[in-house]
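Engineer: Okay, sequence plus prediction incoming.
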Amino acid sequence: MLTRLLSGDTPRSGLLTVLLLIVLISLAFAPFLFPGTKSLETAARICIFIVLVASYDLLLGYSGIVSFAHTMFFGIGAYGTALALNTSGPNYGSLIWGTLAGALVAALFALAIGLFSLRVKAIFFAMVTLAVASAFAVFVSQMSWLTGGEDGLNYKIPRELTPAFKLVNEKVLGVRINGKLVAYYLVFFASAVLFLVMLRVVNSPFGRTLKAVRDNAFRAEAIGYRVVWYRTTATVLSAVMAALAGSLLAIWLRYTGPATTLSMEIMIDILLMVVIGGMGTLYGAVLGATLFILAQTYLQNLMGVAAEATSAVPLVSTLVAPERWLLWLGVLFILSVYFFPSGIVGRLRAGRA
Amino acid sequence: MSETAIKPRIEKVPLREQFFQKLPVLLVPMLALLGLMAIGNPASWLTLTVAGLAMGMMIFIMASGLTVVFGLMDVINFGHGAFVAVGAFVGFTVLAWLAGWTASPSVMLNLAAVLIAILAAMVVTGLLGYAFERVIVMPVYGEHLKQILVTMGGLIVAQQMIYVVWGPDELHLSRPEAFQGSIVLGEAAIEKYRLVAVAIGLALFLAMRHILKNTKVGLLVRAGVENGEMVEALGYRIRRLFLIVFMTGSALAGLGGVMWGLYQETITAHMGSEIMVLVFIVVIIGGLGSVEGCFIGALLVGLLANYTAFLAPKVALISTIALMVAILMWRPQGIYPVVKAK
């Protein structure tokens, strides 16, 4: 049953299983284990980014395609939901059609870009997506009458998902059961379902063909698989998943703006998460996203302490200043591409054998 | 004797094909003409055209290094933007030291200050290019996926290092006296600095063409683009050639950075990644690896960006993407695709 749920792709490493279980249990009971608004925000962010990073891994790890337009699809999903809620009021109907419309638009965009530029080299696709995505980001911030420009959109979501809504009047285990909790579990279960769907996809015959195309496109073509079709389908699929993750973010934050969805920083974050977690395995996305977001939220405090401690040494204190945490992640990123390209998960699995 | 000697017969390319070969060159005047028709007013058209050419030249300076590096080594450097930013920061620092020179009304002192700034920027970015090639790019030759990831990582680290060295704020600097103000030609006002940018870009393009077509190094580079293994088999150390080209490309990015910085008069650590979008579009339009294509592409992008910024400001960046799509529909490998003998 469990193996079936995981589509036969078990973690295949004791330590990895333990780590994944820790992540799963912590996320599933986050509101009770770690009370407080900040930790709930972090947990929801981790859920959403697991989906986003896993969908990116579908491209990077499983298909060997580097895309820089993933935040664009993420943003399309978020703006789809946001615009629907903003224009036709906070009800479930608009929430659903906004989400679907966002996913559809993302799919069409991905199809167009894929058909257009996947015929040639991987490098070409990377450059085209980079150009298109930044143009899109500028475009969105300029269409301020529709998208709110740089300020983004604030909107209402259905009342059942807001803190104002009380499900049970008493506290359960010291936690108030309100709409925010409902929203968290919506995000959690939606993320879990999307993740399992992606696990199903990569372990299907389609996923195996994708890997074949990644490893040797010429040979796959010779055997009779239409390489362009497989690559384009993977692009579209990952775009749709990213758009759905974007919708979840839009529901959770009740705010959508360029900085939270479309910026290049987020793209780089995704890239770091995939590579550090492990390319070519969706469990890598889980670990990568979790570690990265925890680092983003809590490592900065630690670095602040380090900066205080070394404040006497001029250069070192600027190097370990909390704002410079991306520097160290960048170094870690380069090192992991060189020395363990299969990331944390690859390491753990290799260690067992 | 003379009858038996076999003479190589060079076939003349038919006129029709020659025309098709040269056709992309016509795109630039065609676009300029279209711009004139759309704008209507010749004075503002002239101002915009010069602005577009200046922007195109600066993009060309930054893009040329990238495209040659790709042609020769099959490496696309996503960290190229970092060189642009570092060049701009070094240049600005030097100009700030020489504030006395830049503020003086003497044209010679102004020029000297700018030249020193440019030289410093090029030396620093050239050395940085050396380090980048040795540390970051060398272990991953031939693996595109890793190259993209690693050079992206290099970009992140370099941008963060700029923050460490120069602090998180953006820098402002006004142009030296001699480059301020504009020349009035009839009704059209043309900024002096734009003319300087056009001159430098044009000189650089001609110099590059000359080096590539008429010198031994250029011959080796072109041969390396076509078939690197063969060049190596003939006894040339292609790795060293790689390194020289990479360093030159980085230094050119630094030069472009200083010029762009002086043009905008404001620089930020992430200016590189912003310009890289335009640079990538230009490189794609021109055909990966082609200097001529890159030049035409840069001029097209510069002109189009300025025309649309005047006519419909909201679609300025989208228009360059549209241009890219249109060109790729026409020639899927770019204007002048580089022929690889492989």
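Structural biologist: Right, received. Where do you want to start?

Engineer: Please count neighbours and contacts with C-alpha atoms only from this point.
Structural biologist: Fine.

Engineer: pLDDT below threshold where in the chain?
Structural biologist: No chain specified, so I'll use chain A. Scanning chain A for pLDDT under 70 picks out the ranges A:119-122, A:167-170, A:172-175, A:307, A:311-322, A:351-353.

Engineer: sorry, should have said chain B
Structural biologist: Where chain B drops to pLDDT under 70, the residues are B:1-5, B:178, B:339-342.

Engineer: who in it is up against chain A?
Structural biologist: Contact residues (CA under 8 Å from any CA of the partner chain) of chain B with chain A: B:76, B:139, B:144-146, B:148-150, B:153-154, B:156-157, B:160-161, B:164, B:277-278, B:280-281, B:284, B:314-315, B:317-318, B:321.

Engineer: Buried among those? Need that as a selection in ChimeraX.
Structural biologist: Applying 16 or more other CA atoms under 10 Å in any protein chain shown to the residues of chain B next to chain A, the buried members can be selected in ChimeraX as follows:
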select /B:76,144,145,146,148,149,150,153,154,156,157,160,161,164,277,278,280,281,284,314,315,317,318,321
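
Engineer: who touches the residue in the stretch 101-250 of chain A that chain B sits nearest to in this structure?
Structural biologist: Across the stretch 101-250 of chain A, the shortest distance to chain B (CA to the nearest CA) belongs to A:A131, at 5.1 Å. Going by CA atoms under 8 Å, 6 or more residues apart in numbering or on different chains, A:A131 touches B:277-278, B:280-281, B:321.

Engineer: As CSV, those residues with secondary structure would be great.
Structural biologist: Output for the contacts of A:A131, formatted as CSV (DSSP: H, G, I helix; E, B strand; the rest coil):
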residue, secondary structure
B:V277, helix
B:L278, helix
B:F280, helix
B:I281, helix
B:I321, helix
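
Engineer: Export the residues you listed as a markdown table, with columns for distance to B:V301.
Structural biologist: Below are those laid out as a markdown table (distance: CA to CA, whole Å):
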| residue | distance to B:V301 |
| --- | --- |
| B:V277 | 11 |
| B:L278 | 8 |
| B:F280 | 11 |
| B:I281 | 8 |
| B:I321 | 9 |
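
Engineer: the helices in the stretch 201-350 of chain A, which residues?
Structural biologist: A:205-215, A:217-223, A:227-253, A:258-261, A:264-277, A:282-294, A:300-309, A:314-319, A:325-339, A:343-352 (DSSP state H, counting those that start in this stretch).

Engineer: for those helices, which one sits closest to A:M143?
Structural biologist: helix A:258-261 (11.5 Å; CA to CA).

Engineer: Sort out which of the residues of chain B next to chain A are in helices and list them.
Structural biologist: Judged by DSSP state H, the residues of chain B next to chain A include B:144-146, B:148-150, B:153-154, B:156-157, B:160-161, B:164, B:277-278, B:280-281, B:284, B:317-318, B:321 as members of helices.

Engineer: ok so, going back, B:L206 is nearest to which of the helices of the stretch 201-350 of chain A?
Structural biologist: With CA to CA as the criterion, B:L206 lies closest to helix A:264-277 of the helices of the stretch 201-350 of chain A, at 35.7 Å.
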